[in-house]
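>>> Kindly generate the corresponding structure for this input.
(chains A and B)
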Amino acid sequence: MTEPAPEPTGPVLEKTGARLHPLTPFVKGWGYFAVAAVALVNNEGLRSNLEIAGLGLIAVLIGGILLGALSWWFTKWQLTDDAIRVDSGFLFRRTRIIRFDRIQAIDVAQPLLARMLGMAELRMDVAGGGKSDGKLSYFKYAEAGDLRRILLVRAKGEQGAQQQEQEQEREPEALLVVPTNRLLGATLLSSTVVASAGALIWLIVATMVFDFHIGLFAGLPLLLGVVSPIWKQVVGNHGFTLSQTEHGLRTKRGLFDVQRQTIPPGRVQGLLITEPIIWRLLGWARVELDIAGVAGKEDGEDKLEGAQLLPVGERGEVNAVLSRVLPGFHLDAIELQRAPERAKWLRPIGWRYLAYGADEQVFVTTSGWISRSTSIVLHHKTQSVRLAQGPIQRRLNLADVHIDTPVGPTNAVARHRSAEEAAWLTQAQAHQARQARQAIESTRPDQS
Amino acid sequence: MDDLFAPSDVSWTPVSPQLASVRRVSAAITAGVFGIAALLALGLTLGWLYGVLGLVVIAAVFGWSWVLIGRNQRSWKYAEREDELMVSHGIMFRQLVVVPYGRMQFVDVAAGPLERAFGISTVELHTATPATDAKIPGLHPDEAARLRDRLSALGQSQAWGL
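Below you'll find the predicted structure:
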């Protein structure tokens, strides 16, 4: 198993209906046990009666192991002529067939616990599929490597596989690396962490001074509010590296679980620049991207998060990154139109920061005074343009213009414009979107 | 002022007045259920005078919604431009949606039992984002079918991709 398989169809992996690594349920389900244990220990009624708590814990443990074992037993994978087939589920049988020709890239990933046990999961990038669609976990590390090679050969042919292999090996030159201390500093100064930490300190003081009984249990979510963003940012974005490859920009991040993502240039729909209030004093900003087929399809909490383009960067870096994604684009060159002063009846402070601007490539809106966000959407990605007006807005002769782009963090709304201007803008944007689309199509006729 | 939400350079098609009928019938059903509930609940607990009072209040609300439904129905209109579909509606909260045909992912034609009884249906245009709210209720089934075919044909020929 250690030497590279000479033939693409290694006999070891050709067996039908192979099972995954027997420790899979343990690696997948340890969080479940941890949560169950914490829940049981924290439960007031059970805490006073340790016997019941112990029995409950054992019951949960046995139940969990049983469920995990069952799901492991019924999960089988096999390679067919043109696809990899995974059968799973013991109550509801499920068969997933991933055709080789739909596989775009395959990564071998090792989350922390799996790495300690020498296991790995296979992540297949499937065209048009979500993140979880192409996951197969867990294998022995060597086995995963072999399987990856076999799948690559089947998917891309011998040559393509080698090419991809080389690409993986050859780390492209880094355009930009985000230093860890800045990542840590930026997270500590972000609004959620500052707010949670403030509340936590207040709670601790209140507990000590006024002898409150809510104590640490109320503090738990707050503590989570402090720790989880730090963990997510510092560990998840550790060593964030942006580099340019022939397929587009490529990001690499993560301390334990290295994540790579390629951003094909034609699939960017919009950008979101966020500047929380403290960051603004330091000149820092975060840049996120809307990519077709990425946002909104992933499961869980990442649902509305687009691709990170820059977790935290200085102004110069932000501009450099922006001009990489949108050639010839300078944010400072766009003339922003402020909202009229009467918008202060609806936004007493924030109205000063409501603005929009446009050039022949993009439409830009800014909003927010605590955390300022700048949305940039591409004209030729515009799905629809909406003009909307509520009853108070009508009294003030104001209206909103929404530029709808596919699901993602970017939300370009020119709020509280004078109604005539908004009506004009709606038509102008519809026109602009049409023009931009025609221009794109004439230069890239093959783009679908 | 009205022109802002309905530019006059295109011809706007109103929707069928049957839309108002459907909504009035469904409002009447709701009001009837609530009215009887209020009559019985208040009548049996506080006295029949209060029950009747509750009924009157609900009847008044229903009368008001009768008028609002009529105004709202008259506000719905749509226009087919060369490259875009435009839908305008609303009295209190007004909205104008401009959707390029090429952005269309699929078209839905739907009609509930009440809508079918009054001979109308709803056409909804879906793009890659749920934010696009391009729905036209109260269309005659023939018109709905025509619009559906026309939209799919235009969507196909002008498809922009993502």
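
>>> Please identify the helix or strand for residue A:200.
helix A:191-210 (DSSP states H and E).

>>> helices and strands around that helix, which ones?
Packed against helix A:191-210, as judged by 3 or more C-beta pairs under 8 Å, 6 or more residues apart in numbering or on different chains; DSSP states H and E, are the following elements: helix A:215-230, helix A:277-282. To be clear about C-beta, it is placed using only N, CA and C from the backbone, and glycine gets the same treatment.

>>> Tell me the buried residues in it?
Residues of helix A:191-210 classed as buried by neighbour count (16 or more other C-beta atoms under 10 Å in any protein chain shown): A:193, A:196, A:199, A:200, A:203, A:207.

>>> tell me the SS of the spatially most central residue of chain B?
Closest residue to the average C-alpha location of chain B: residue B:137 at 4.4 Å, with C-alpha atoms, centre = their mean. With DSSP: H, G, I helix; E, B strand; the rest coil as the basis, the three-state label of residue B:137 is strand.

>>> Just list the residues touching the nearest residue to it once chain neighbours are set aside, thanks.
In space, and not counting its chain neighbours, residue B:137 is closest to residue B:122: 4.4 Å by C-beta to C-beta, 6 or more residues apart in numbering or on different chains. Neighbouring residues of residue B:122 by C-beta atoms under 8 Å, 6 or more residues apart in numbering or on different chains: B:108, B:109, B:110, B:111, B:115, B:135, B:136, B:137, B:138, B:139, B:144.

>>> ok, so of these, who is nearest residue A:222?
residue B:135 (42.7 Å; C-beta to C-beta).

>>> which residue sits closest to the closest one in space, ignoring its chain neighbours?
Residue B:135 sits nearest to residue B:124 (C-beta to C-beta, 6+ apart), 4.5 Å away.

>>> What count of nearby residues applies to that neighbour?
Number of residues near residue B:124 (other C-beta atoms under 10 Å in any protein chain shown) recorded here: 17.

>>> Direction included, what does the helix or strand containing it pair up with?
Assigned by DSSP H and E, residue B:124 belongs to strand B:121-126. With DSSP bridges as the test, strand B:121-126 is paired with strand B:106-110 (antiparallel), strand B:134-139 (antiparallel).

>>> The residue nearest to residue B:137 bridge partners, please.
Beta-bridge partners, per DSSP bridges, of residue B:122: residue B:110.

>>> Quick check, pLDDT for it.
In this model, residue B:122 is scored at 91, pLDDT.

>>> got the contact list for residue 19?
Since no chain was named, I'll use chain A. A:72, A:73, A:75, A:76.

>>> wrong one, I was asking about chain B
B:73, B:76, B:120, B:137, B:138.

>>> Distance-wise, check the first one relative to residue B:23.
Going back to what we said before, that points to residue B:73. 7 Å (C-beta to C-beta, to the nearest Å).

>>> What helices and strands are in contact with the helix or strand harbouring residue B:66?
Using DSSP H and E, the element containing residue B:66 is helix B:48-75. Applying 3+ C-beta pairs under 8 Å, 6+ apart, we find helix B:48-75 packed against helix B:18-45, strand B:84-89.

>>> Run the chain-centre distance for that helix.
Distance, stretch centre to chain centre, for helix B:48-75: 19 Å (C-alpha atoms, centre = their mean, to the nearest Å).

>>> buried stuff in it?
So, applying 16+ other C-beta under 10 Å, buried residues of helix B:48-75: B:51, B:53, B:54, B:55, B:58, B:62, B:65, B:69, B:70, B:72, B:73, B:75.

>>> Equivalent analysis for stretch A:391-411, please.
Here stretch A:391-411 shows A:393-394, A:396-411 as buried, counting by 16+ other C-beta under 10 Å.

>>> Can you get me the start-to-end distance on stretch B:72-83?
For stretch B:72-83, the first-to-last residue distance is 27 Å (C-alpha to C-alpha, to the nearest Å).

>>> And the contacts of it?
Counting by C-beta under 8 Å, 6+ apart, A:434, B:6, B:10-15, B:17, B:19-20, B:23, B:85-91, B:94, B:100-102, B:136-138, B:150, B:158 sit against stretch B:72-83.

>>> closest to chain A among the buried residues of helix B:48-75?
Proximity of those to chain A (C-beta to the nearest C-beta) peaks at residue B:75, which lies at 12.2 Å.

>>> State the distance from the closest one to residue B:19.
11 Å.

>>> Please, where are all the helices along chain A?
With DSSP state H as the criterion, chain A has helices at A:24-42, A:44-48, A:50-74, A:112-116, A:141-169, A:180-188, A:191-210, A:215-230, A:236, A:277-282, A:315-325, A:391-396, A:419-443.

>>> JSON lines please, covering the ones you listed and showing mean pLDDT.
Shown next, in JSON lines, are these (pLDDT from 0 to 100):
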{"stretch": "helix A:24-42", "mean pLDDT": "73"}
{"stretch": "helix A:44-48", "mean pLDDT": "59"}
{"stretch": "helix A:50-74", "mean pLDDT": "79"}
{"stretch": "helix A:112-116", "mean pLDDT": "78"}
{"stretch": "helix A:141-169", "mean pLDDT": "75"}
{"stretch": "helix A:180-188", "mean pLDDT": "85"}
{"stretch": "helix A:191-210", "mean pLDDT": "79"}
{"stretch": "helix A:215-230", "mean pLDDT": "74"}
{"stretch": "helix A:236", "mean pLDDT": "80"}
{"stretch": "helix A:277-282", "mean pLDDT": "86"}
{"stretch": "helix A:315-325", "mean pLDDT": "87"}
{"stretch": "helix A:391-396", "mean pLDDT": "90"}
{"stretch": "helix A:419-443", "mean pLDDT": "84"}
